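**Q** quick one: sequence plus predicted model below, questions after.
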Amino acid sequence: MIMLEITNLHAGYAGLEVLRGIDISISPNEIVALIGPNGAGKSTVIKSIFNISDVTSGSIVYKGEEITDLHTHELIDFGISYVNQGRVIFSNLTVRENLEIGAELIRDRHVVEKNLSHVFRKFPVLKRKAGQLAYALSGGERQQLALGRALMQNPSLLLLDEPSLGLSPKLQKELFETISQLREDGLSILIVEQNAKKAIQIADKTYLLEDGKIALSGGKDIIKHEKIKNVYLGGRY
């Protein structure tokens, strides 16, 4: 079974084509990583799924249904959540208020509280700081808050755009462990990541994008490919 299937996708912004006919698939309970140089189109893949880029042709099918033209709130209702680059949070609101914004489409208060309890179990620091304003959080805590807010929506598919950007090596390690655990919890995850080695290590499948096209794809053994070793790992591994 395939949860998300992207076929011959062409997309970009304001007439500028970034993606040039890519094919990507994600199965249930699978982590799929997108790696490659800056400007290759990695983030545009995620933005195309979440309908915040201009898709000119191709198909995006989620759980058997075409979703290419759906609005963002409809995609959230379908079970797709997006954590964008830069750990965007509402600094003048409390941690709890930030999390509750993630559940604003859920009308049942009992469901909201249940989801909040789940997030607090997953990220205990957010529970401890629930009443504090979010501006005081560290970079790692902000990333947890951004992830927690996405989880408030009960997603089946989580889209992560450069989640480790700007984090220390220690916090990166913790983040990747968290992402792996989310997969164990039953989520499918599509992650755009500059840290190619870490992304490949946690992913079930990796796609290398170059110049808007898929240059290479494979499982964990992709890390041994000459192109990956020489270009993205500095000849190491």
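**A** Looks like it came in fine.
**Q** give the residue spans of the chain that score low on pLDDT.
**A** 87, 232-237 (pLDDT under 70).
**Q** next, the most centrally placed residue in the chain: secondary structure please.
**A** Using Cα atoms, centre = their mean, the residue of the chain that lies closest to the mean C-alpha position is residue 160, 1.5 Å off. Three-state secondary structure (criterion: DSSP: H, G, I helix; E, B strand; the rest coil) places residue 160 in strand.
**Q** nearest residue to it other than its sequence neighbours?
**A** Spatial nearest neighbour of residue 160, chain neighbours left out: residue 191 (4.4 Å); criterion: Cβ to Cβ, 6 or more residues apart in numbering. Just so you know, the C-beta spots here come from the backbone N, C-alpha and C atoms, and that holds for glycine as well.
**Q** quick one on the thing from earlier: dump the residue contacts of the residue nearest to the centre of the chain.
**A** Listed by Cβ atoms under 8 Å, 6 or more residues apart in numbering, the contact partners of residue 160 are 46, 83, 179, 189, 190, 191, 192, 193.
**Q** which members of the residues you listed define the maximum pairwise distance?
**A** 46 and 179 (14.6 Å; Cβ to Cβ).
**Q** strands along this structure, start to end?
**A** Along the chain, counting by DSSP state E, strands occupy 4-13, 16-26, 31-35, 54-62, 65-66, 80-83, 157-161, 188-192, 205-210, 213-218.
**Q** so what strands line up beside the shortest one?
**A** Take DSSP bridges as the rule and strand 65-66 pairs in its sheet with strand 54-62 (antiparallel).
**Q** next, the angle strand 4-13 makes with the strand it pairs with.
**A** 170 degrees (axes from the mean of the first three to the mean of the last three Cα atoms, to 10 degrees).
**Q** how far does strand 54-62 sit from its chain's centre?
**A** Averaging C-alpha coordinates over strand 54-62 and over its chain gives two centres that are 18 Å apart (Cα atoms, centre = their mean, to the nearest Å).
**Q** residues in contact with it?
**A** 3-15, 17, 21-22, 48-49, 66-68, 78, 80, 157.
**Q** pull the number of nearby residues for the closest residue to residue 215 other than its chain neighbours.
**A** Computed as Cβ to Cβ, 6+ apart, the closest residue to residue 215 that is not its neighbour in sequence is residue 208, at 4.8 Å. If you count neighbours by other Cβ atoms under 10 Å, residue 208 ends up with 25.
**Q** residue 225 versus residue 231, what's the distance?
**A** To residue 225, residue 231 is 10 Å away according to Cβ to Cβ, to the nearest Å.
**Q** same question for residue 84.
**A** For residue 84 relative to residue 225 (Cβ to Cβ), the value is 29 Å.
**Q** out of these two, which sits in the busier spot?
**A** The residue with more neighbours, out of residue 84 and residue 225, is residue 84; 18 against 15, by other Cβ under 10 Å.
**Q** so what's that one up against?
**A** Per Cβ under 8 Å, 6+ apart, neighbours of residue 84: residue 161.
**Q** likewise for residue 81?
**A** Here residue 81 is in contact with 150, 151, 153, 155, 157, 158, 159 (Cβ under 8 Å, 6+ apart).
**Q** mind redoing it with 6 Å?
**A** The contact partners of residue 81, by Cβ atoms under 6 Å, 6 or more residues apart in numbering, come to 150, 153, 155, 158.
**Q** quick one, which of those are buried?
**A** 150, 153, 155, 158 (16 or more other Cβ atoms under 10 Å).
**Q** who does the last one form a beta bridge with?
**A** Think residue 158. In this entry, residue 158 is beta-bridged to residue 81, residue 189, by DSSP bridges.
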